[in-house]
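J.: Pasting the sequence and the predicted model now:
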Amino acid sequence: MKILYYNWLPFDNARNEGGGVNIYQRNLIEELVKDNSNDIYFLSSGWKHNPFKASAYIKETENIFGGKCKSFEIINSPVPAPAAVVFNDIKKYLNDEITLNLFEQFIEKHGGFDVIHINNIEGISINVLKIKEKYPGTKIILSLHNYVPICPLVQYFQNHNECICHNFDEGRECLNCAVWKISSKKYLLNIRHYLRDKTKIKAISGLLPYLFRFKASGYVSEKLVSTPADFAEYRRKNIEYINKYVDCVLAVSDRVGKIAIKNGINSGIVKTSYIGTKFAQNAIGRPAANINKEHFTIAYLGYARIDKGFYFMTDALQSLNPQTASRIKIKLAGAIHDRDIKNTLEHFKSVEIIKRYKHSELPQILSDVNLGIVPVIWEDNLPQVAIEMAACGAPVLCSDFGGASELCSSGIFKFKGGDKKDFTEKLSAIVNNPDLLEKYWQNYTGLTTMEQHIKELFTFYTGGKIKCLTRTFAGKPQKEMRVG
């Protein structure tokens, strides 16, 4: 098949930005190019700005897969990425027709596609979906790795209330979320991305002469000019165009699909499609750590952020029964910079902080962990850390927000999101009765390998029906899981 993939930044960008979606896109293409019958194209947009040109244009690029994947990027997109950059002036997104025109030119030049698979509506506008009118035979697939169609700040989470955005009050609540600010240096990052690729310049210094021209171009807005009506129109138009033009919306978890449908996306086109991951191929499907009568080790991976539930977790841990707490070793790995954490949790047996880690180091980091914690207080689509923990043999106690709880069907390992009492009760029960950990593996739904995921994708690409998907358990096929 001839397939065009879109994500807002290159899958092989030098700093490996873009999180789990970028990793997924790279891994997916890596598998697809092994089959010479596939003709794979990739397009990005909103990542680079050429200060020497005013108009937007498409440039062919090199990539880590060489000629096996033909990669391109839109330079000077009028819709800069990531999504939050256009939050202050959402009209730029709503009114954009340039990225649509560029997409049409690109398709004309390269001869049409069987499938256009969009992984993020960032760096482009929803108007791009109108290509379906000109190319009705092309299958349009949209993956929901985040909540961009309903939330321009991606997370569907109210920063000011620290809660999920169940009611955006016709856009009025969006004004209260206008806390995301960009410094002048941040404006220069997209110029830096361009010049680094063009001239190998790595520092921002020396770019200041172009700052005025860059800002004066109206590329981004420092001041909030978006109105509640703009935000209401943003959500309305996105939902309308998705329902009108997209053949299949792939939600990365059941929870994401339900949220999409709740907000107006046609249930008939929404399918659950768990992303493929390399971790699934080597998932051990059993506990990595032995049960120790003297102590019990828990772990948190990722960022020390409110939405990730880090501070919810540390606050809740302080209310644990002292006798239970004295047996628990805590391992925190990732972007953990809070100097007071160890003092806050001094009544635990130990607190270990690993400030940085590589994915290749996770099996070792998690080798003595009895239980992973994923305490998100937002609808985290399908946290990569939950997949990684489970794959490395650490059962996961998680919030019922987002898709993490879908890795295990047992209620023992799921607590009500944001409920400290429920969290501590579930944690205490497992710590004091470690034999319960076996229940995780008995109810483990397994992970999806890239090979399995690609087979499923091609069913969606060709318009066939898929009843079941076999997921991987301990490196072997497990029970069949219902999809869609």
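T.: Received, thanks. No experiment lies behind these values; they were computed from the predicted model shown. Numbering: from 1, shown residues only.
J.: all contacts plus neighbour counts: C-alpha atoms, from now on.
T.: OK.
J.: And what about residue 70, helix, strand or coil?
T.: Secondary structure, DSSP: H, G, I helix; E, B strand; the rest coil: residue 70 is strand.
J.: Pull the contacting residues for it.
T.: Residues in contact with residue 70 (Cα atoms under 8 Å, 6 or more residues apart in numbering) are 40-42, 60-63.
J.: of these, buried ones?
T.: 40-42, 63 (16 or more other Cα atoms under 10 Å).
J.: Closest one to residue 167 out of these, please.
T.: Lowest distance from residue 167 to those (Cα to Cα) belongs to residue 42, with 36.0 Å.
J.: and the gap between residue 168 and residue 84?
T.: 17 Å (Cα to Cα, to the nearest Å).
J.: now residue 356
T.: As for residue 356, its distance to residue 84 is 26 Å (criterion: Cα to Cα).
J.: So which of the two has more stuff around it?
T.: residue 84 (20 against 10; other Cα atoms under 10 Å).
J.: Which residue, other than its chain neighbours, is closest to that one?
T.: Once flanking residues are discounted, residue 84 sits nearest to residue 153: 5.0 Å by Cα to Cα, 6 or more residues apart in numbering.
J.: Name all residues that make contact with the one you found.
T.: By Cα under 8 Å, 6+ apart, the contact set of residue 153 is 83-84, 87.
J.: Looking at these, which one is closest to residue 319?
T.: Comparing the contacts of residue 153 against residue 319 with Cα to Cα places residue 84 closest, at 36.1 Å.
J.: does that closest one really touch residue 148, like I thought?
T.: No - look at residue 84 against residue 148 with Cα atoms under 8 Å: they stay out of range, at 9.5 Å.
J.: if I look at the two, which residues touch both of them?
T.: Residues touching both residue 84 and residue 148 (Cα under 8 Å, 6+ apart): residue 154.
J.: Give me the average confidence score over stretch 77-96.
T.: Mean pLDDT, computed over stretch 77-96, is 91.
J.: Run the chain-centre distance for that stretch.
T.: Distance of stretch 77-96 from its chain centroid, counting by Cα atoms, centre = their mean, to the nearest Å, is 19 Å.
J.: Pull out the CA atoms of that stretch and give them to me as CSV.
T.: Taking Å, rounded to 0.1, in the frame of the first residue of the first chain, the C-alpha atoms of stretch 77-96 are listed here in CSV:
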residue,chain,number,x,y,z
SER,A,77,3.5,26.5,8.7
PRO,A,78,1.0,29.2,9.7
VAL,A,79,-0.1,26.7,12.5
PRO,A,80,3.1,26.3,14.6
ALA,A,81,3.4,23.3,16.9
PRO,A,82,3.0,21.9,19.4
ALA,A,83,-0.8,22.7,19.8
ALA,A,84,-0.5,25.0,22.8
VAL,A,85,1.6,27.5,20.8
VAL,A,86,-1.6,28.7,18.9
PHE,A,87,-3.7,28.8,22.1
ASN,A,88,-3.4,32.5,22.4
ASP,A,89,-4.7,33.1,18.9
ILE,A,90,-6.9,30.1,18.0
LYS,A,91,-8.3,32.0,14.9
LYS,A,92,-5.0,31.3,13.1
TYR,A,93,-5.9,27.6,13.4
LEU,A,94,-9.6,28.1,12.5
ASN,A,95,-8.9,30.2,9.4
ASP,A,96,-5.9,28.4,8.0
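J.: three-state assignment of residue 266?
T.: Using three-state DSSP, the structure places residue 266 in coil.
J.: List the contacts of it.
T.: By Cα under 8 Å, 6+ apart, the contact set of residue 266 is residue 243.
J.: Quick check: it vs residue 434, distance?
T.: Noted for residue 266: a distance of 44 Å to residue 434, by Cα to Cα.
J.: Relative to the longest strand anywhere in the chain, what are the paired strands and their orientations?
T.: Assignment by DSSP state E gives strand 39-48 as the longest strand of the chain. Using DSSP bridges, the strands paired with strand 39-48 in its sheet are strand 2-6 (parallel), strand 69-75 (parallel).
J.: Output those in TSV, with distance to residue 428 appended to each entry.
T.: Formatted as TSV, the strands paired with strand 39-48 follow (distance: least, Cα to Cα, whole Å):
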stretch	distance to residue 428
strand 2-6	45
strand 69-75	50
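J.: Among those, show me which one is buried the most.
T.: Of all the strands paired with strand 39-48, strand 69-75 has the most neighbours on average by mean count of other Cα atoms under 10 Å, namely a mean of 22.
J.: next structured bit after that one?
T.: Next helix or strand after strand 69-75 toward the C-terminus (DSSP states H and E): helix 91-95.
J.: Next, the buried residues of that following helix.
T.: Buried residues in helix 91-95 (16+ other Cα under 10 Å): 91-94.
J.: Dump those into a markdown table; add distance to residue 289 as well.
T.: Putting the buried residues of helix 91-95 into a markdown table (distance: Cα to Cα, whole Å) gives the following:
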| residue | distance to residue 289 |
| --- | --- |
| 91 | 53 |
| 92 | 52 |
| 93 | 49 |
| 94 | 52 |
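J.: Looking at those residues, which is nearest residue 308?
T.: Nearest to residue 308 among the buried residues of helix 91-95: residue 93, at 27.9 Å, using Cα to Cα.
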